[in-house]
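1. predicted coordinates and the sequence they were generated for:
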Number of protein chains: 2
Amino acid sequence: MVDIATRVWNHKWKIDPIVRSLIDTDFYKLLMCQSVFRNSRDTQVTFSLINRTTDIRLADLIDEGELREQLDHIRSLSLTRGESTWLRGNTFYGKRQMFRPDFMEWFENLRLPDYHLEKRDGQYELTFEGNWPEVMLWEIPALAVLMELRGRAVLNHMKKFELQVLYARAMTKLWEKVERLRQIDGLKIADFGTRRRHSYLWQDWCVQAMVEGLGDKFVGTSNCLIAKKRDLEAIGTNAHELPMVTAALAESDAELAQAPYQVLADWHEEHEGNLRIILPDTYGTEGFLENAPDWLAGWTGIRIDSGDPAQGAEAAIDWWASRGEDPRQKMVIFSDGLDVDKIEELQTQFAGRVRPSFGWGTLLTNDFRGLTPHDALAPFSLVCKAVSANGRPTVKLSDNPNKAMGPADEIERYKRVFEVGAQQAMKVEV
Amino acid sequence: MVDIATRVWNHKWKIDPIVRSLIDTDFYKLLMCQSVFRNSRDTQVTFSLINRTTDIRLADLIDEGELREQLDHIRSLSLTRGESTWLRGNTFYGKRQMFRPDFMEWFENLRLPDYHLEKRDGQYELTFEGNWPEVMLWEIPALAVLMELRGRAVLNHMKKFELQVLYARAMTKLWEKVERLRQIDGLKIADFGTRRRHSYLWQDWCVQAMVEGLGDKFVGTSNCLIAKKRDLEAIGTNAHELPMVTAALAESDAELAQAPYQVLADWHEEHEGNLRIILPDTYGTEGFLENAPDWLAGWTGIRIDSGDPAQGAEAAIDWWASRGEDPRQKMVIFSDGLDVDKIEELQTQFAGRVRPSFGWGTLLTNDFRGLTPHDALAPFSLVCKAVSANGRPTVKLSDNPNKAMGPADEIERYKRVFEVGAQQAMKVEV
């Protein structure tokens, strides 16, 4: 039976929007946004798209007109009543009214600010400038749009059954991963794959497959829209942009050295329990832990987002022990470039020694590797970062020099201030 | 957008009929039926279901009430106007009005006769008795019903995403076969998988995937309903039941020895060109060819349906050569237990020496091997055959003793009459 209305409806959506909602974003963005809204709402920032996989020439693959349509569509979005109700009325991490009324009022009236787009050397230069709390909300939708438009450019050339089999293969591939994960005792895993997902519909499918296939082992999704739609926990805490912007604003090396702790001191005031998760790698995990104040050791856990994950977790265990904390009570969230082998390995190594947990990203929601000729749908490493704050460049070092960002002289200065020595370079795949 | 009408419609079909049309059957059944209608319409036959895979206890797996509902539904079917138009108006094998008006009139008024069903030793004893042209049309739908009900019994226990991934895997598996077949130069292949299909919808999917994936290499389907729906060639000629019933009716050993040729003499009168395909194995290929009249060597080709296929084709090549025919002009249709490896091998061995062609059955439309725990959806060897004619038992020998059918003493008599010596036993999988 042909559903004529559906057919007509589908035709109507000439652009088939990639981002359909302002809450089609990571939960931590909203938590951070509220924090920024309270503490630094007038800070002027620039966010910029950076494609680390330079041999994927996005400007050759993606039509500029289509890209502009998608970005313009995002600018037309505002928080719906139901979304607002969900944010105001829901319990997040066991807490009611996580989002304060003044923030919600601001959010309800928000439209995303303008963007600047041009082509350069086969890539898109896409930047967003303005007040921090507004501009920061561009990160996730901008990434999702670029990722999905690149995918669509490939899919456009495929025939009907070829397409169906492509998705059949991707489903099979994911399900085989789910079946392996199901075997892991005590696993706790969440979807962190919004920013580099193949598409919205695919992420939604992946999440539902995890719900059915993993049961309680699947703890939730970072995507608020999907969490709302599928009645799941929204997962996430904080990210590098807080220390990066704060550090850029530091007036002296001494202030710079304190910036990462200052950010967490603010966070400490606002949040408790499972939201108190340290992200230690912005300027090197080793120095960060060594110089950290004791109250940070009392936090619930740590997130390992660069460098060798086992090494990072061992460093955290040693640090907790040295500060008189019991590592077995601590949560360790692995979130960098995970796939099933690595998850199995880390769970085996750390279960019982800490409370391991996994934020599974790109290889959950975008593992189309090997499914098309020339691997044209393989995920690639695209980020959208704060590159300056009040006119000063930001810097990120991380525990992997291949993930470092910022002007060379500033990187050197940060390395000196944060006493970062030799680092092990690791390939950044996704 | 929920299509309410579709939802309600789906709920209404409590039994979700497996066979939806009297032309949801193999094309050769209709050709043979017309032949029988002309030559032997009053012959009384009994067809009986035989499950060669006895460790699959169908009566334990399939609810008797559900089975009766499906069979009763088939008895309620009659030829629709559109189906009749298609049969009357279409060109089959380049010929208009393949089906004569008197046959069509009879077919338009046909309802399938009653069935007899009981359980015995964990199996269903399902038999059909009556006039040959009516009873013979039960074969394909009866097999399709049993195969699909067994599948449904397994699928009933599966969850939503598990189901979706099951079909994703099956699609992927088939597509990988299609991608390999696409590489074979000069391939000609048809769908012969109705009788042991996983389900109607799945067969329809497989056929469409072949259309897209193989282009001209896919020459059509034996299923009339799908041929009509997808605008494809209906493929098929004749089968073992013609010589089996004719042989059973023979009044002497001499008549018996001539029966297989008598059948083809009738066929010769009715059909030409690509419909003149010899099926030589009913009582042993070797003896059949040796004793065949010369006019048979002039036929378009041969179908190899049991025994070692390469050996069968070589025998045909030798025979044609010995009768002064050019084997390179002859069609050799392989139709027994094919899968891609075998197809590749046979094409390599015979391309250029004959015109090879493939009737791909069970492992096209029902290859769910390895996709469920305990391989609960693996295909099995179910047949529905004429077991008696005018009260006399029928016999089939074929080129594989494991496919032989009939009372032991009659098998011995046939072996003697047809001079069948030692045969190589081959495992019958599907």
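-> That came in fine, so what should we check first?

2. list the contacts of the closest residue to chain B within the stretch 251-400 of chain A.
-> Proximity of the stretch 251-400 of chain A to chain B (CB to the nearest CB) peaks at residue A:371, 9.7 Å away. Any C-beta I mention is one placed from the backbone N, CA and C, and that applies to glycine too. For residue A:371, the contacting residues are A:166, A:169, A:170, A:173, A:377, by CB atoms under 8 Å, 6 or more residues apart in numbering or on different chains.

3. how near is the nearest residue to the fourth one once chain neighbours are set aside to residue A:304?
-> Okay, so that is residue A:173. In this structure, residue A:173 finds its nearest non-sequential neighbour in residue A:367, 6.0 Å apart by CB to CB, 6 or more residues apart in numbering or on different chains. Distance, residue A:367 to residue A:304, by CB to CB, to the nearest Å: 21 Å.

4. again, but for residue A:406
-> 22 Å.

5. ok, those two, which is more surrounded?
-> Shown here are residue A:406 and residue A:304; by other CB atoms under 10 Å in any protein chain shown, residue A:304 has more neighbours (28 against 21).

6. doesn't residue A:337 make contact with that one?
-> No. Contact criterion CB atoms under 8 Å: residue A:304 and residue A:337 do not qualify, at 10.8 Å.

7. show me the strands in chain A, by range?
-> Listed in chain order, the strands found in chain A under DSSP state E are A:44-51, A:91-92, A:95-96, A:115-120, A:123-131, A:189-191, A:218-221, A:277-278, A:301-304, A:331-334, A:355-360, A:382-389, A:392-393.

8. between those strands, which one is closest to residue A:428.
-> Residue A:428 sits nearest to strand A:382-389 of all the strands of chain A, at 9.6 Å, using CB to CB.

9. what does the closest one contact?
-> A:43-53, A:126-127, A:132, A:136, A:138-140, A:142-143, A:146-147, A:195-196, A:240-241, A:244-245, A:248-249, A:393-394, A:396, A:405-406.

10. pull the helix or strand with minimum mean pLDDT from chain A.
-> helix A:4-12 (a mean of 72; mean pLDDT, DSSP states H and E).

11. columns neighbour count on top of the contacts of residue A:371, output as a markdown table?
-> Listed next are the contacts of residue A:371 as a markdown table, based on neighbours: other CB atoms under 10 Å in any protein chain shown:
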| residue | neighbour count |
| --- | --- |
| A:166 | 20 |
| A:169 | 20 |
| A:170 | 22 |
| A:173 | 18 |
| A:377 | 22 |
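
12. mind putting those residues in a markdown table, pLDDT included?
-> Below are those laid out as a markdown table (pLDDT from 0 to 100):
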| residue | pLDDT |
| --- | --- |
| A:166 | 94 |
| A:169 | 95 |
| A:170 | 96 |
| A:173 | 96 |
| A:377 | 96 |
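
13. farthest-separated two in these?
-> A:173 and A:377 (11.8 Å).

14. dump the residue contacts of the residue most central in space within chain A.
-> Taking CA atoms, centre = their mean, the centroid of chain A lies closest to residue A:195, which sits 5.8 Å from it. Neighbouring residues of residue A:195 by CB under 8 Å, 6+ apart: A:26, A:139, A:140, A:143, A:144, A:147, A:361, A:384.

15. great, nothing more from me.
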